[in-house]
Structure formats: structure tokens, C-alpha cells
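Chemist: Coordinates for the following, if possible.
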Amino acid sequence: MEYEAVIGLETHVQLKTKSKMWCGCANEFGKPPNTLVCPVCLGLPGVLPVPNDEALRLTVLTGFLLNCEIPRFAKFDRKSYFYPDMPKNYQITQYDKPSTLNGFVEFEFAGGLSRVRITRAHLEEDVGKSSHFERTSGVDFNRAGVPLMEIVSEPDITGADMAYEYLNALKEILMQGGVSDCDMEKGMVRCDVNVSVRPKGAKELGAKIEIKNMNSFSGVRRALEYEIQRQIEVLKQGGKLVQSTRRWDDEAGVTDEMRTKEHAQDYRYFPDPDLMPIEPAEDWLAEVKSRTVELPLARKQRFMRDYELPASDAQTLIWDVQARIYFEKVLSLAKDKKAFGKPIANWIINNVRAKLAEWNRAVGANEIAPELQDNKGDATMFKTFDDLKFTPAMLLELVALEDAKTISSSAAKQVFAGMFDTGKSPGEIVREKGLTQVSDTGAIEKFCDEVIAANPGPVSDFKSGKAAALNFLKGRVMKLSKGNANPAVAGEILERKLKA
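Modeler: Numbering: from 1, shown residues only. Modelled structure (predicted):
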């Protein structure tokens with residue numbers, strides 16, 4: 001019998017706010033343990049929570065980004081459970097009346113577009129962090145009370161690779177929408193996996209197994225690859241699967257059972273008596289909606305459609321937000337955006353990013369070449385697109401010079417290096433270095449005649465059928481002209497003369 005997997009994901013995302021969910025403590029990572037705490041986030045008796053307005057806005061903004069409905073009534077509930085890192089012994093969350101409902105995420109997968117429905121994106125609070133030592137354990141409550149959004153998908157995912165692509169698409173939406181920094185090394189994104197298997201074509205779901213607290217997308221993929229096969233093997237051997245919670249051991253590459261799964265009644269949900277329900281006004285919703293951005297997939301499709309970018313270039317610009325912003329700045333100055341889109345993207349992806357990476361590698365290694373230093377010899381800071389010495393207009397000028405064959409591609413690279421180091425305009429550098437490309441056929445014919453006379457061996461090779469000899473001779477013409485001869489014209493003249 002063949003089996004198929006049915007997967008739903010619960011993705012927990014820390015929101016990009018300055019303070020915690022219910023108090024004024026800073027929402028920061030990396031501070032000494034238990035230094036960002038107060039009576040509210042420690043759950044001391046007699047305190048009252050006050051909702052973080054920006055967290056409410058970011059949750060609804062996520063709803064708009066994920067194509068969700070925004071209910072006109074939402075509320076907070078208490079979810080009771082007892083962990084050492086849970087200061088109040090209950091979590092304030094949203095249960096039956098969340099802030100967003102019924103959305104979807106579209107993403108590229110398996111050569112086409114896939115859609116995963118979103119059940120809800122609701123707002124809650126994070127818990128503290130437990131650390132275990134040789135003889136003791138400690139709890140850091142700095143993270144307790146940080147705004148946490150849980151995005152629950154429908155069981156629309158059918159395999160480990162699809163789950164991986166969905167999570168990456170979701171992360172890009174949240175990052176580019178300004179909802180979260182999604183830094184997984186800082187624990188800003190975690191994922192619970194719900195997975196079951198059933199006979200292929202069956203309608204009824206199998207026993208749901210939850211894998212808790214995955215902190216990397218690659219870990220989610222590996223855990224699913226293992227767990228799906230484990231469940232199939234149990235069923236093939238006549239065993240029975242029971243709803244339960246498991247953990248992923250990344251080093252061993254296996255899942256281990258932790259406990260049988262709790263049900264909703266085990267958490268004893270009830271409306272939080274200290275918090276009023278949420279009834280968003282139309283003007284408040286309109287203000288939040290004004291913060292929405294173009295979704296990464298839609299932007300990629302637009303770049304490919306309007307500017308004829310290859311899929312790989314468009315995807316690179318989607319992933320590298322700074323490069324994408326700079327690309328759009330340069331392109332906004334071009335009259336013919338379709339014609340200049342691809343060459344501008346090429347220069348940014350292959351040259352500007354490479355130069356910045358070269359600089360920053362040197363900074364990291366603390367070995368800065370003199371030509372990379374500024375006038376003060378200061379080379380201690382990492383550079384970004386905002387630190388470029390040349391303007392977007394200058395990069396467009398360089399692209400236009402190369403496109404018009406005013407300078408050759410090799411000369412364009414020299415000009416770019418000068419722009420990066422000095423901030424001078426391309427025109428100024430071309431004049432200083434005498435890099436204007438020679439397209440005059442008379443001048444190039446003289447170079448070709450000299451090269452043919454000086455290289456009888458390669459000339460004989462070409463005449464005997466060795467086509468590669470032409471490239472050698474063209475290279476000699478370019479060297480003789482100091483790189484200024486138009487290579488296409490030089491090649492045509494050489495070939496004509498040699499065949500004659």
C-alpha cells in the first residue's frame with residue numbers, strides 16, 4: 001500500500017517591537033539574564049497587563065500580507081500550563097477569537113505555484129528560556145512577554161521539501177513586510193510540525209504527531225523526512241500510531257516521543273479578565289493596511305515581466321533587499337526601463353555586490369589594501385549600498401556608455417573600479433584614462449594589418465581550419481589598441497582579411 005503525508009505547520013514569530021507585549025521592558029536580544037524584567041512580565045501578584053499597540057498593528061498587518069480576513073472582534077485568553085519558564089503559569093494568547101483568519105501563502109515549488117492556506121495568525125506572548133548545566137538549571141525571563149505571533153497553516157503541505165519552501169516564502173514576506181527580523185539564530189522564528197500519514201487517496205486523516213520547537217528550516221525538512229518514513233514503517237508492520245508530541249534530535253537525526261498530546265480542554269482556556277476585547281476601527285485598519293508592501297513573489301514576477309530579468313536575477317534581488325532597493329533607484333532614472341533593466345541588474349548583482357563583499361571580507365580579515373581605504377585611511381567599518389561613493393545616476397551612466405559601445409566591456413570594468421574607489425563620474429574617468437572605444441574601421445584595420453604581419457603562425461593556423469586562432473589574433477588587436485578597439489568590429493575585419 002502507498003501512503004501520503006499530511007502536514008500542517010505552526011510558525012512562531014517574534015514581532016519587531018521596541019518593548020514587550022504587556023509592559024515597558026525592552027524587547028532586546030543578548031542582554032545579561034534577567035535584566036529586562038519587571039513585575040508585569042514576571043507575573044507578580046497585583047499587576048495588570050497593557051497591550052502593546054504596535055504588536056496589535058503588526059499582527060493585523062501580517063493578516064493583510066497573508067490575504068487574511070480581519071475580524072471586527074477579537075479577544076485574549078488565558079492558556080494554563082506549568083513550565084519553569086512560564087512566569088504566570090499561564091500564557092496570554094488568542095483562542096477562539098483571533099485577530100486574523102482564513103488566508104493563504106503562494107510560493108514557487110516543483111516548477112509551478114503552490115498555495116498553503118492559513119487558518120489564523122494570532123497574537124500571544126513568548127516565555128522565558130531555560131538553560132541546563134551539570135548540576136543546576138537556570139531560567140532567563142528576558143524573553144518572557146515578548147510579542148509572539150503564531151501562524152497556523154491548514155494541512156495542505158504534502159512533503160518535507162514543500163514545507164521548507166513554504167517556510168522560506170513566509171519568512172521573506174514577514175521580513176520584507178517589516179513584521180519581524182526573523183533572525184533564527186536569535187530564536188525569532190520557531191516552528192511546531194504536525195504530521196500524519198494515510199493511505200494514498202484516503203480522506204480521513206491519520207493520527208497527528210507533533211514535533212515541537214524546531215529552530216531551523218533545514219531541521220524541519222530533515223525531521224519530516226525521518227518522521228514520515230517512521231510512521232509509514234509502523235503502519236506497514238501492522239502497528240498503530242497514537243496522537244503524541246515528539247522532539248527532534250538533530251545530532252542523531254531521529255524523533256523521540258515526549259508525551260501523549262494534550263487536547264484543548266487540558267489548557268483550560270478562558271477569556272483574560274484583565275484585557276478588553278479588540279474592536280478595530282475602520283481608520284485604524286486603513287492606517288495598518290497602508291503599511292503593506294508588494295509581496296516578494298509578486299515583485300519577482302513583475303521584475304521578470306516588466307524588465308525581462310531572468311528568474312535567477314529576479315530571485316537574487318528579492319533575497320537581497322538592499323540590492324533590490326538600489327536596483328529600483330537606478331532603474332527609476334532610466335527612460336527605457338525594459339531595455340536597461342537586465343544590464344543594470346547585472347552590474348548590481350555581479351559587480352556592486354562583489355565589490356562590497358570584497359571590502360567587507362577585507363574588513364573582517366583586518367587586511368585592508370590601500371586602494372580600498374578612504375582618504376583618511378579609515379577602513380574599520382563594513383560597507384553597504386548606502387556607503388557607495390558613486391550615485392545611482394552614475395551607475396546608469398556607466399551602463400549607457402557600455403550599451404552605446406562608447407566603451408568596451410573591459411573598459412567598463414576599469415571605469416567601475418574607479419567609481420567605487422573615488423566616486424568620480426564614468427565620463428570623467430573615461431576622459432582621464434582615454435578609454436573611449438575605437439569603432440573607426442580605418443584605425444582598426446591598421447591594428448589588424450600589424451597583428452597579421454607580426455603573427456604568421458596563428459594566421460596559418462586559421463587558414464588551415466583552426467577557428468580558435470582568430471580569438472588569439474583578436475586579443476592581440478585589443479592589446480595593441482590598449483583595449484579601446486571595438487572587439488566586434490576587430491573580429492569582423494580580421495576574419496575578412498584572413499579569408500581574403
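
Chemist: Give the ranges of residues in this structure that sit below the confidence cut-off.
Modeler: Applying pLDDT under 70 to the chain picks out residues 261-265, 364-381, 437-440.

Chemist: got a list of what Thr436 touches?
Modeler: 406-407, 430, 484 (C-beta atoms under 8 Å, 6 or more residues apart in numbering). Every C-beta, even on glycine, is put in place using the N, C-alpha and C of the backbone.

Chemist: swap that for Asn67, sorry
Modeler: Contact analysis of Asn67 by C-beta under 8 Å, 6+ apart lists 103-105, 118.

Chemist: and if we set it to 7 Å?
Modeler: 103-104 (C-beta atoms under 7 Å, 6 or more residues apart in numbering).

Chemist: Switch the contacts of Thr436 over to CSV; also include neighbour count, secondary structure and distance to Pro280.
Modeler: Putting the contacts of Thr436 into CSV (neighbours: other C-beta atoms under 10 Å; DSSP: H, G, I helix; E, B strand; the rest coil; distance: C-beta to C-beta, whole Å) gives the following:
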residue, neighbour count, secondary structure, distance to Pro280
Thr406, 17, coil, 57
Ile407, 24, coil, 57
Val430, 22, helix, 58
Asn484, 21, coil, 65
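
Chemist: care to break the chain down by domain?
Modeler: 3-288, 441-499 (automatic domain parsing).

Chemist: Could you export those as a markdown table, including distance to Arg302?
Modeler: Formatted as a markdown table, these follow (distance: least, C-beta to C-beta, whole Å):
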| stretch | distance to Arg302 |
| --- | --- |
| domain 3-288 | 14 |
| domain 441-499 | 33 |
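
Chemist: do you know which of those lies nearest Ala412?
Modeler: With C-beta to C-beta as the criterion, Ala412 lies closest to domain 441-499 of those, at 10.6 Å.

Chemist: For that closest one, measure first residue to last.
Modeler: End-to-end distance for domain 441-499, by C-alpha to C-alpha, to the nearest Å: 18 Å.

Chemist: And Leu36, how far from Glu227?
Modeler: 36 Å (C-beta to C-beta, to the nearest Å).

Chemist: Let's see the lengthiest helix in the chain as CSV, backbone CA atoms only.
Modeler: Looking across the chain with DSSP state H, the single longest helix is helix 217-236. Extracted C-alpha coordinates of helix 217-236, given in CSV (Å, rounded to 0.1, in the frame of the first residue of the first chain):
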residue,chain,number,x,y,z
PHE,A,217,14.0,25.3,8.4
SER,A,218,16.6,22.7,7.4
GLY,A,219,15.8,20.9,10.7
VAL,A,220,12.1,20.9,9.8
ARG,A,221,12.9,19.3,6.5
ARG,A,222,15.1,16.7,8.0
ALA,A,223,12.7,15.9,10.8
LEU,A,224,9.8,15.5,8.3
GLU,A,225,11.9,13.2,6.1
TYR,A,226,12.6,11.0,9.1
GLU,A,227,9.2,11.1,10.7
ILE,A,228,7.1,10.4,7.6
GLN,A,229,9.2,7.3,6.9
ARG,A,230,9.0,6.2,10.5
GLN,A,231,5.2,6.5,10.5
ILE,A,232,4.9,4.6,7.3
GLU,A,233,7.1,1.8,8.6
VAL,A,234,4.9,1.5,11.8
LEU,A,235,1.8,1.1,9.7
LYS,A,236,3.3,-1.3,7.3
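
Chemist: quick check: angle from the helix or strand just after that helix to helix 217-236?
Modeler: Where DSSP states H and E defines the elements, the next helix or strand beyond helix 217-236 is strand 244-249. Using axes from the mean of the first three to the mean of the last three C-alpha atoms, to 10 degrees, the inter-axis angle of strand 244-249 relative to helix 217-236 is 130 degrees.

Chemist: The helix or strand following strand 244-249 - which strands sit beside it in the sheet, and in what orientation?
Modeler: Next in sequence after strand 244-249, counting helices and strands by DSSP H and E, comes strand 254-260. Each strand that pairs with strand 254-260, with its direction, by DSSP bridges: strand 244-249 (antiparallel).

Chemist: which outside residues touch the strand it pairs with?
Modeler: 209-212, 214, 219, 223, 255-261.

Chemist: how about it: buried residues?
Modeler: 245-248 (16 or more other C-beta atoms under 10 Å).

Chemist: Can you show me the helices along the stretch 301-450 of the chain?
Modeler: Secondary structure of the stretch 301-450 of the chain (DSSP state H, counting those that start in this stretch): helices at 311-319, 321-332, 337-347, 353-365, 392-403, 409-422, 426-433, 441-454.

Chemist: so how far is Ala485 from Leu473?
Modeler: Leu473 is 12 Å from Ala485, by C-beta to C-beta.

Chemist: I appreciate the help and will end here.
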